[in-house]
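Engineer: here's my sequence, what's the structure:
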Amino acid sequence: MKPYISPEESKTFKEKPIEIQELINTALYILDCFGIPLEATPRRLERTAIAFLASSNIKKIADIKNAKDLNSGYSLKTREIITFVNEHFNETISPGSYDDIRRKDLKLLTIAEVVLQSSPNSATNDSTRGYSLNPTYGELVRSFGSPNWEQTVAERLKDIEPLSQKLKRERTISKVDVTLPSGGHLSCSIGEHNDLQKAIIEEFLPRYGHGAEVLYVGDTSDKYLYLEKEKLEQLRFFEISHEELPDVIAYSKKKNWLYLIEAVHSSGPINEIRLLQLQKLTKDCTADIVYITAFLNRQKFRQFMTEIAWETEVWTADNPDHLVHFNGDKFLGPYSK
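Structural biologist: Presented below is the predicted three-dimensional model:
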């Protein structure tokens, strides 16, 4: 069995005991066989795995053969899942993050119906709703390790289209072609967020990038659509697997400027909290940082205008020849403290 996460890829994973690391990788192997797409950051994979284990009442490898499912009457609410993983998997997840369990950690598992809701007809934010392993998958989990287990899974699930295949098919239906400053090409999934990223790369950077090279682009369906990992590491950029990557990163060798660009469609401008967060994460970076929030149009910009942090820049795709400078001692460029 291949390791899906290695200690070098995730700080939280590295800090866990070897037996927990093995259990998490085993859980990811099982989910892979169930057709769950595992194209995510190491930390996101880790969180998905431990949410799956909590929903099955699995604390160690030996518990797999006794995994509980919804038919056993077992289920955990999102707050209880946090308590479970903090206690058994060396986590320190805040009790206030319970909504992230539903929206992020359990998202793929519930869409694929590997994990079921104890009261599916309740409101989305119903705090009494629990989550538990689907009995169909529970039987397969309990038989894990038996001879020809993979073939048994394939046979038992032959009439269920894997979520990974569904998503792959949807992603290939329509794409947005993006041309990089270097002349290379990317294909992003359809959507206003990626339309904006296309404009950033094709319109903003040629105007204001001082010959900048794109080092990272995250697609809405592929976190690492484009990544120049070694070049970012040379600049002592923060851990690539981090959840807080901006949407587009570009580097101007001529200026030694690193552009951190947020493409805002429905949320996520560089506000004061986000700025402090990025400043902390890039404190060891050898390049000077330029912070940009990009919008498709001025109407969208107006919705977020009061949130924009000082000493950052704003660009709108409908007025590509203009920038909005939020204070500072200069126009476009990094600000020193």
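
Engineer: do you have the helices of the protein handy? List them.
Structural biologist: Listed in chain order, the helices of the chain (DSSP state H) span 11-14, 18-33, 42-55, 78-88, 98-100, 107-111, 135-142, 149-156, 163-173, 192-199, 205-208, 229-234, 272-281, 298-304.

Engineer: gap between the fourth one and the chain center?
Structural biologist: The gap between the average C-alpha position of helix 78-88 and the chain average comes to 21 Å, counting by Cα atoms, centre = their mean, to the nearest Å.

Engineer: same check, this time on the second one
Structural biologist: Helix 18-33 sits 19 Å away from the centroid of its parent chain (Cα atoms, centre = their mean).

Engineer: mind listing what's buried in that helix?
Structural biologist: By neighbour count with 16 or more other Cβ atoms under 10 Å, helix 18-33 contains the buried residues 20-21, 23-33. In this view, the C-beta of every residue, glycine as well, is placed from N, C-alpha and C.

Engineer: check which residues of stretch 309-322 are buried.
Structural biologist: Buried residues in stretch 309-322, counting neighbours by 16+ other Cβ under 10 Å, are found at Ala309, Glu311, Thr312, Glu313, Val314, Trp315, Thr316, Ala317, Pro320.

Engineer: got the contact list for the fifth one?
Structural biologist: Read it as Val314. Ile292, Thr293, Ala294, Phe295, Phe301, Ile308, Leu323, Val324, Phe326 (Cβ atoms under 8 Å, 6 or more residues apart in numbering).

Engineer: again, 6 Å this time
Structural biologist: By Cβ atoms under 6 Å, 6 or more residues apart in numbering, the contact set of Val314 is Thr293, Val324.

Engineer: ok, now how distant is it from Arg207?
Structural biologist: 14 Å (Cβ to Cβ, to the nearest Å).

Engineer: hey, C-alpha coordinates of stretch 103-121 in CSV?
Structural biologist: Presented in CSV, the C-alpha positions along stretch 103-121 are these (Å, rounded to 0.1, in the frame of the first residue of the first chain):
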residue,chain,number,x,y,z
ARG,A,103,-18.5,21.7,4.8
LYS,A,104,-14.9,20.4,4.3
ASP,A,105,-13.9,17.2,6.1
LEU,A,106,-17.1,15.2,5.4
LYS,A,107,-18.0,16.9,2.1
LEU,A,108,-16.8,14.3,-0.3
LEU,A,109,-17.7,11.4,2.0
THR,A,110,-21.3,12.6,2.3
ILE,A,111,-21.6,13.4,-1.4
ALA,A,112,-20.4,9.9,-2.3
GLU,A,113,-22.7,8.5,0.5
VAL,A,114,-19.8,6.6,2.1
VAL,A,115,-20.9,8.5,5.2
LEU,A,116,-24.6,9.1,5.9
GLN,A,117,-26.5,11.6,8.0
SER,A,118,-28.5,10.2,10.9
SER,A,119,-31.4,12.6,10.1
PRO,A,120,-31.1,13.4,6.3
ASN,A,121,-34.3,15.5,6.3
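
Engineer: how long is stretch 71-78 end to end?
Structural biologist: End-to-end distance of stretch 71-78 (Cα to Cα, to the nearest Å): 19 Å.

Engineer: follow-up on the earlier one: which among the helices of the chain is found nearest to Trp257?
Structural biologist: helix 205-208 (9.9 Å; Cβ to Cβ).

Engineer: wait, what's in contact with the closest residue to Leu260 other than its chain neighbours?
Structural biologist: Excluding its sequence neighbours, the residue lying closest to Leu260 (Cβ to Cβ, 6 or more residues apart in numbering) is Pro246, at 4.4 Å. With contacts defined as Cβ under 6 Å, 6+ apart, Pro246 is in contact with Leu260, Ile261, Glu262.

Engineer: among these, who's most crowded?
Structural biologist: Within the contacts of Pro246, most neighbours by other Cβ atoms under 10 Å means Ile261, with 28 neighbours.

Engineer: my guess is it contacts Ile292, does it?
Structural biologist: Yes - using Cβ atoms under 6 Å, Ile261 is in contact with Ile292, at 4.4 Å.

Engineer: which residues are common contacts for those two?
Structural biologist: With Cβ under 6 Å, 6+ apart, Ile261 and Ile292 have no common neighbours.

Engineer: low pLDDT regions in the chain?
Structural biologist: 120-127, 167-179, 181-191, 220-224, 239-243, 266-267, 328-331, 336-337 (pLDDT under 70).

Engineer: per-domain residue ranges of it.
Structural biologist: 11-169, 174-325 (automatic domain parsing).
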